[in-house]
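[1] Show me how the following folds:
(chains A, B and C)
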Amino acid sequence: MIEYRIDRGTGVATYLQIVQQTKHALRLGLLEPGDRLPTAREVVEATAVNPNTVLKAYRELEREGLVQARRGLGTFVTKSLGAAAAQSPLADELADWMKRARTGGLAREDVAALFSSVLEHEFTEGEQ
Amino acid sequence: MTTLPFQPRGLTWTVLRLHRLPLWIWAALVVAGSGGLLWLHQLGQDAAAYSGHCAVGGTGTPQCSAGLRYAGDELDFAQLLAWIPFGAACAGAALIGRELQHGTSVLAWTQSVSPARWLAAKLAVPAVALLGGTAALTLMFRWAWTSGPDNGVNRWSGTYFNAAGTVGLAYALLAIVLGALAATLTRRTLPAVVLALAGTALAYTLGAAVRPHLWPASEVRGPWGAALNHVYQLDLGMITRSGKHVSGLDCSDQAVPGDLNTCLSDHNAVDFYAKIHPTAHYWPIQLVETGVVLALAAAAVAAAFWALRRRLP
Amino acid sequence: MSREPAALEARGLVMGYGRRRRPVLRDCSFRLPTGRICALVGPNGAGKSTLLALAAGVLRPTGGTLRVLGAGPAEARPRIGYVAQNRPLYPQLTVAATLRLGAELNRGCWDRESAERVAYGAGLDPKATVRSLSGGQRTRVALALALGKRAELLLLDEPMADLDPVARHELMCALLAVVVERDTTVVIASHVLGELADVCDYLLLLEEGQIKLAGESEDLLTAHARLTGTSPDFAPHTVVESRATGRGHTALVRVQGPLDEVSRLVERPSMEELILAHLRNPGAPALFTGSASPAPSQEAAA
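    Numbers count the residues shown, from 1 in each chain, chains lettered A, B, ... in the order given. Sure, this is the predicted structure:
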């Protein structure tokens, strides 16, 4: 079973940390379809985070179709996350874009700042 | 606690457990007191057996000193019994004041015991122990006292009156309740103890002052004799020719003692009078005073509950 | 509108100790819905302990009303668990006898397992007398008594103050495990937010006897933003705190209307920042989110 590790220094919302760590475990194959996620009680007992935060993270995972809550039984993984993203055409486009940025004279830090700013804008906006 | 005939539960268990030490000390005192009174009873019987052969003051045979010792020890025990209410006042004030001062009462109140039930239990359990012990000691004292020789003690003397009757129990109860009242008023142990002791002393003093008026007094006429030694003397004086009672007149300034008629005519009087409570008034007065003190105790209980609730929602 | 009874609902609550002294709580109003874990935060002397004592029904307010679980504080007393700041325990009892006391006083509903788990969690000797315990150990026993009672509302006054970080984490985990099973409402008073930020989903910020912020943590955070830009004018937003940093100006504002993300850097403040900004600027107006506003009083509604 997965164990969550909450890092209080990152500034990332606690529920997002749970969501991300779950996804990470799915990608790494630590969690597979049919596996049960820890109950809210098990999570709060180990991490001392608010139980509603755990439930919110699980709802988010459920909304994304990764897990499913079964009444009285727990929350179960329904889908695995393969390494598909790395082979998609998006990866080629991104590599292409990076090449152009470098030839355009942007330094590594500039690219990183630009990337994370766009990432932040697209994804935090999208998730709220 | 396994030897108790009943298994205390809930709040009763709690109060017994919390005050285990003072309760054991009190039990030990009662046992020691009973032992002492048993010994006093033995001494009294010895003294009574020889009293016929001894002159007043215990001279005569060597056994006569028993009579003297008996009288002294009897007074000591009577005084000890008369002090019980002061101990009760301290106990009542300390048992409740300490909890209010240190906030442990809050622990009980938020553990499903309402403040009223808490105070009731904190009063009832020690009061039962106090009354049980005091009643036993009072009965033992009466037994030891009445079995001994008549050594001229006036049963109406304040110390004996309190030690040998129901008023002693009533004062003990009043004192513990006054302690509780002082504690709920001050919410501090030390001021509560001081206040409770003062209240108990005041109650004793007022009791002694009011006692003669609790029952209609009798009047006897004629020269004052030894019979008056055993009654409650309220007022002595002479009756003048006009029939007026003049208090305080006596024959102590008489040039020739013993001639009562001259004494009377010198004072322009016709007879002596004495306002007294005879022995027949002893128990009626005991009971009336007990009733009054119990009523005061009830009022103090009500006041203690009021004082506790004053600060609570 | 009829809402389910709140865990706590205060209206115009006033509490003063003595006539000459300044009241500790002044016209304090708020609402705490059930099922929340609420941080009651404020500087020392803000009135946190007084508010909890009033809620626990061990003090009578000078004015105003306080409803606890839909009832008066006195009637609600059997349904609440309270750990007072001075951790009142009987010094002459052993730890085991103290837990027995809890069981005797709550016959029929005592949760022995939870109580013992919290009390003996760190190897506390049941035969040790309370008198000999350290501050942290006393907290453990006091918390065990409150949890063993199966309360619907737990009022904890500075529960973590005298615990070391390991014990703090362990006790908080044990507390939450019980809370999540019973859906208990919890109020945790503290003068620092610290690790409570992750534990609590509701906030009551108390300052000088009045509530400055009340509501779901998430809603309170959303209602504020941290803006950085070159202009010192942050209108139409309400500025809680602003400061000039070189050429720029940074402000923590209460969002009023759309945020201009072109000319300004917009950041989400942390709960800690939000609280500190309000404590440093007592002039900022109070904010109550929807669930935190007390229902209009009966008289006003009629």
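[2] Please count neighbours and contacts with C-alpha atoms only from this point.
    OK.
[3] gap between the two ends of stretch B:274-284?
    Distance across stretch B:274-284, first residue to last, is 20 Å (CA to CA, to the nearest Å).
[4] Kindly report the domain assignment for chain A.
    Domain assignment for chain A by automatic domain parsing gives A:14-77, A:84-127.
[5] and B:Ala227, how many residues sit next to it?
    8 (other CA atoms under 10 Å in any protein chain shown).
[6] what's in contact with the longest helix along chain A?
    Criterion DSSP state H: the longest helix present in chain A is helix A:108-127. Here helix A:108-127 makes contact (CA atoms under 8 Å, 6 or more residues apart in numbering or on different chains) with A:98, A:101.
[7] so where do the helices sit in the stretch 101-250 of chain B?
    Listed from the start of the chain, the stretch 101-250 of chain B has helices (DSSP state H, counting those that start in this stretch) covering B:104-109, B:115-147, B:158-163, B:166-186, B:189-210.
[8] In a strand, C:Ala225, correct?
    Yes: under DSSP: H, G, I helix; E, B strand; the rest coil, C:Ala225 sits within a strand.
[9] which residues does it bridge with?
    For C:Ala225, the beta-bridge assignment (DSSP bridges) gives partners C:Val253.
[10] how deep is it tucked in, by neighbour count?
    Other residues close to C:Ala225 by other CA under 10 Å number 22.
[11] For the residue lying closest to C:Gly72 once chain neighbours are set aside, which three-state class applies?
    Residue nearest to C:Gly72 in three dimensions, not counting chain neighbours: C:Leu66, with 6.9 Å by CA to CA, 6 or more residues apart in numbering or on different chains. Assigned with three-state DSSP, C:Leu66 falls in the strand class.
[12] What distance do you get for C:Leu66 to chain A?
    26 Å (CA to the nearest CA, to the nearest Å).
[13] Please apply the same query to C:Ala197.
    With CA to the nearest CA as the criterion, C:Ala197 and chain A are 9 Å apart.
[14] Name the helix or strand for that residue, please.
    helix C:196-199 (DSSP states H and E).
[15] per-residue pLDDT, residue 3?
    Because you didn't say which chain, this covers chain A. Predicted confidence (pLDDT) for A:Glu3: 86.
[16] Can you look at chain B instead?
    At B:Thr3, pLDDT is 54.
[17] which residue sits closest to B:Phe305 in space, ignoring its chain neighbours?
    Distances taken as CA to CA, 6+ apart put B:Ala116 closest to B:Phe305, at 6.8 Å, once the chain neighbours are dropped.
[18] Surely C:Leu40 forms part of a helix?
    No: counting by three-state DSSP, C:Leu40 is not found in a helix; it is strand.
[19] returning to that earlier point: between the domains of chain A, which gets the lowest average pLDDT?
    Taking the mean pLDDT of the domains of chain A, domain A:84-127 comes last: a mean of 79.
[20] quick one: the strands in the stretch 151-300 of chain C?
    For the stretch 151-300 of chain C, the strands defined by DSSP state E, counting those that start in this stretch occupy C:153-157, C:185-190, C:202-207, C:210-216, C:224-229, C:238-245, C:248-254, C:265-267, C:287-288.
[21] For the chain, which segments count as strands?
    Since no chain was named, I'll use chain A. Taking DSSP state E, the strands of chain A run over residues A:36-37, A:67-70, A:74-77.
[22] That was the other one, I meant chain B.
    Using DSSP E, strands in chain B cover B:218-221, B:232-240, B:245-247, B:269-277.
[23] What number of residues are in the vicinity of residue 14?
    Reading this off chain A. Look at A:Thr14: counted by other CA under 10 Å, it has 22 neighbours.
[24] Actually, chain B is the one I wanted.
    22.
[25] doesn't C:Leu101 make contact with it?
    Yes: B:Thr14 lies in contact with C:Leu101 (CA atoms under 8 Å); the separation is 6.1 Å.
[26] Point out the residues in chain A that sit beside chain C.
    Counting by CA under 8 Å from any CA of the partner chain, the positions of chain A adjacent to chain C are A:11, A:14, A:40-42, A:44-52.
[27] make it 6 Å
    A:41, A:44-45, A:48-50 (CA under 6 Å from any CA of the partner chain).
[28] Then the stretch 51-200 of chain B?
    Residues of the stretch 51-200 of chain B lying near chain C (CA under 6 Å from any CA): B:103-104, B:110, B:112.
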